[in-house]
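Visitor: Output the structure for:
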Amino acid sequence: MEMNIADIRCSDELIPILSATISSDQSEVCKATMYLEEAAKSNILKFMRLLAEVLMSPGNTAVARMAAGLFLKNQLTAKSDCLKESYRQRWLCFPPADRQYIRSNILSSLGTELMRPSTAAQCLAYIAVAEIPHGLWPDLISTLAHNFNANSSTDLVKEATLEAIGYICQEMEGHVLRQKVDYPDQILSMIVHGMRMNQNDHVRQAACNAMLNSLEFTRKNFECMNERNEIMKVVCEATQSKSTKIQVIGLQCLVKIMSLYYQYMEEYMGPALFPITLNALKSDIDEVVLQGIEFWSNVCDEEVDLAIEANEFDGTGRPPLNTSRFYAKGALNHVLPVLLPILTRQEEGDGDDDWNPCKATGVCLSLFAHCCEDDIVDAVLPFITENIRSPDWRFRDAAVMAFGSIIDGPDTDKLRPLVENAMPVLLQLLSDSNVVVKDTTAWAIGRICELLPSVALATNHLQVLLEVMIANLFAEPRVASNICWALSSLNEAAYDDCESKDVPETYALSRYYEGILHKLIEVTDRVDGGEHGLRGAAYEAIMELVRNSADDCYPTVQQTTIVILNRLQASIGIESGSSTLGDRQEILNIQALLCASLQIILRKLKKDDLRQIADATMAALLQMFSSTVNLPFNTEDPKVSGSIREDALLAVSVIVEGLGEDFLKYMDLFKPFLMVALTNVAEVSVVSSGLGAVGDIFRYLSNKASPYADDLMQALLRILGDPNANRDLKPPIFSVFGDVALAMGTDFDKYLDLVISATHQASVMKFEGSDFDVTDYENELRQACCEAYAGIVQGYKGNESNGNRTPGENPLARLKPHLQHIIDFIFLVGADDEASDGCIHAAVGLLGDLTVAFGIELPILDKFEAVQDLLARGKKSKTTRTRQMTAWTTKEIKKLKAALSQAIAQHQQAPQK
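Guide: Sure thing, here's the model as predicted:
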């Protein structure tokens, strides 16, 4: 174990080390693993060649071959996206001969391994994912097809080949495979043959998995009726297999097919899909039942989306691209009698995170309610009525679950009398002898508070409801946690019911407010508060009650501020003295909740009250930053350390906003912690909150923040240039550039060229893909670029009257070299059909700023059509702010045209020399 990778002359010498990785002696395992990790670092290419040789040789032990395959796979892929891409690039940089040698050995290994799943198949897939997008290994799929179809191919070869195909389909972007004209047909041919009933179960299972992973890029095949029939035939046959694994994967294929190819399913629904999935619901095997439930959940999902699409097209004179076949409504009275009894299959020991048929059925019922609306009530009501007073707790619980699941969907007028009649029964069930029933009832009441609050807030129910709910804040943690959520929903509904643009003077919960808040604070001290997320739920409820409270509740908010601040200060002292990791972790959790609560409460305080506690609050927050500055990101719960810093930064932002320039006295103490927050790009939420704080500092301290600009701007530019930084950090950085420029005016000169260059690059950036996430991100980035440019233009425009500038110098002249590409960018946004309203608003605003700043020097009048198109989109906006911005910009452009006409007229009237 002391030898170096350089000393190993052949793969045989590596076998004992690989075998030691699964030794019963843990010290041997550690030594072997450390050696192999060092080998990868010292000479990765030699190491991978040796591993491929070990994997390829059937004469080696199964253990050594499996270990070789796993270590080889781990050099080709990783969980982290950044590391995964790095490994792919490293592989592509290897000499072609070495890549060919390793690939050849892996290919030769397919079907020779005795252990499942095939590690060779995994290695092959990860190499394919690296190479195929770059046009490399063009004969891979045809080679695999030959492997599978050859008369000499054993079942093991077929199985491993299909596993490789499945992994390739799973890992590779669908558009890459679709671009390879022959690949989908070759892949699908192998899969369909592998799924046929004459193959053994291992081959069929591998083929079913491959089918499941390939469905996203087989649209062309589904468009062809003969090919679609063949696919549906083998998938439906798989659902009838005696092998549970094959049956489940076959059903998973049907679930996915229904989502991807709903419009082609009509001819299969009656004769095949309906009876297959109905039988799945009747199965005694949970995995099978779950897929049956998932199928009908997907049907409902699709038909809800289609209903939304139909509404959007209504009145346009154009038909929607796809129309609903109303399978859910048609099957409602057949599926529900089978589905509802599944709700009774729960157990008292079921955990919150256990996904089982009972929970899946609750979700499915909710989707049926969305899809079928009023029809669901009559279909479910007999089940509820029959079972809600059952002596068997499972049936009582099932009835309450069914009731809570159908509240969202039907018309409120149809539901209201049912809910009103049910309220007394539900309040009784909150005292049920069984904790599961109490828990589900608390959840159902929360649903009523959220979705039908008029019943809960009615004077004949409210006081009794609150008394029972507050009493249950001290019930079992799982029940109390749901009660906290119900109180949050009830409070939000009561606040919204006031329909006041400003903070209402009073609201329905005012007379109970102080008592509710005090009880919630008591709940946060429960010794069992860590169970079922109770403590977090209580703090969330406190935050909601503070956020949405009437004026007459303000004294209680003030008291709560002091309670939270005192707890935060006390927790810092306790945390520094905690001895065990468990104690420290619990305190960190509490501190995160306290910081979150504090920043919500600070937003509610009046400015004078905020000023009075600013010193004490900043002292506590600075202590908090100091105590967590060296806290590792990968704590037992990685969200905790980030959450504390994130919420503490948000609290500071509130103080900055409240104090304005008076915050300057804290800047020297706060800046080092802000710099730390901007350093670790792995903590995206913390960096994002840090960026928000930087923006607030320059917005509210204006040019008094200038002495801190150098370090902060360097931090922002460093994040922009960091390849490991999450792309979601870029838009807020550009927005902050605008804040800094606006605050500093021409003092921003030292950063101008760098910022303009970075903003220009970002503004014309295009991203691969056509999904909503890509479109949303492009819009977000472009909007931020508009804000950066607008801040710069306004900042330099504001310095025109600066007495310190050189006589005769116009600060705006420094922006003239960049005007053309800024204007081109504005019109690029205006011409983009996918541009969001926020993006149009920002672009129109930027155009207005440029018009005011540069007047007749602005080169836009030869682009009249592009200007009109942009303004027309702004005028048609559904948001008032965008229409108002468009009206202002239109007015400024009219002034510009008038000024230009006047200048031309004066020029024409001037005497010719």
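
Visitor: And the helix or strand containing Val63, what's buried?
Guide: Taking DSSP states H and E as the criterion, Val63 maps to helix 62-74. For helix 62-74, burial by neighbour count (16 or more other C-beta atoms under 10 Å) applies to Val63, Ala64, Arg65, Met66, Ala67, Ala68, Gly69, Leu70, Phe71, Leu72, Lys73, Asn74. The C-beta positions use only the backbone N, C-alpha and C, and glycine is treated the same way.

Visitor: In contact with the closest residue to the first one other than its chain neighbours: list those residues for me.
Guide: Think Val63. Leaving out its chain neighbours, the residue that sits closest to Val63 by C-beta to C-beta, 6 or more residues apart in numbering is Ser19, at 5.4 Å. Each residue near Ser19 by C-beta atoms under 8 Å, 6 or more residues apart in numbering is listed here: Thr61, Val63, Ala64, Ala67.

Visitor: same deal with Val557?
Guide: Counting by C-beta under 8 Å, 6+ apart, Val557 touches Val546, Ser549, Ile601, Lys604, Leu605.

Visitor: Then Arg718?
Guide: By C-beta under 8 Å, 6+ apart, no residues touch Arg718.

Visitor: what residue lies at the spatial centre of this protein?
Guide: In the chain, the residue lying closest to the centroid (C-alpha atoms, centre = their mean) is Asp773, at 10.0 Å.

Visitor: helices or strands up against the helix or strand harbouring that one?
Guide: Using DSSP H and E, Asp773 maps to helix 772-798. Based on contacts counted as 3 or more C-beta pairs under 8 Å, 6 or more residues apart in numbering; DSSP states H and E, the elements that helix 772-798 packs against are helix 730-744, helix 749-763, helix 819-831, helix 837-854.

Visitor: ok now it, how far from the chain's centre?
Guide: 23 Å (C-alpha atoms, centre = their mean, to the nearest Å).

Visitor: orientation of that helix relative to helix 837-854 in degrees?
Guide: Counting by axes from the mean of the first three to the mean of the last three C-alpha atoms, to 10 degrees, helix 772-798 lies at 20 degrees to helix 837-854.

Visitor: what domains does the record give for the chain?
Guide: 1-115+124-133, 138-270, 281-311+320-410 (the TED database).

Visitor: May I see these organised as JSON lines, with mean pLDDT added?
Guide: Formatted as JSON lines, the domains of the chain follow (pLDDT from 0 to 100):
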{"stretch": "domain 1-115+124-133", "mean pLDDT": "86"}
{"stretch": "domain 138-270", "mean pLDDT": "91"}
{"stretch": "domain 281-311+320-410", "mean pLDDT": "92"}
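
Visitor: any chance you could read off phi and psi for Arg526?
Guide: The phi/psi pair for Arg526 (degrees, to the nearest 10) reads phi -60, psi 140.

Visitor: Which residue lies closest in space to it, excluding its sequence neighbours?
Guide: Excluding the flanking residues, the one nearest Arg526 by C-beta to C-beta, 6+ apart is Leu534, at 6.6 Å.

Visitor: Longest helix of the chain, counting residues only.
Guide: helix 880-909 (DSSP state H).

Visitor: what's the burial count for the closest residue to Gln75 other than its chain neighbours?
Guide: Once flanking residues are discounted, Gln75 sits nearest to Met48: 5.7 Å by C-beta to C-beta, 6+ apart. Using other C-beta atoms under 10 Å, Met48 has 25 other residues around it.
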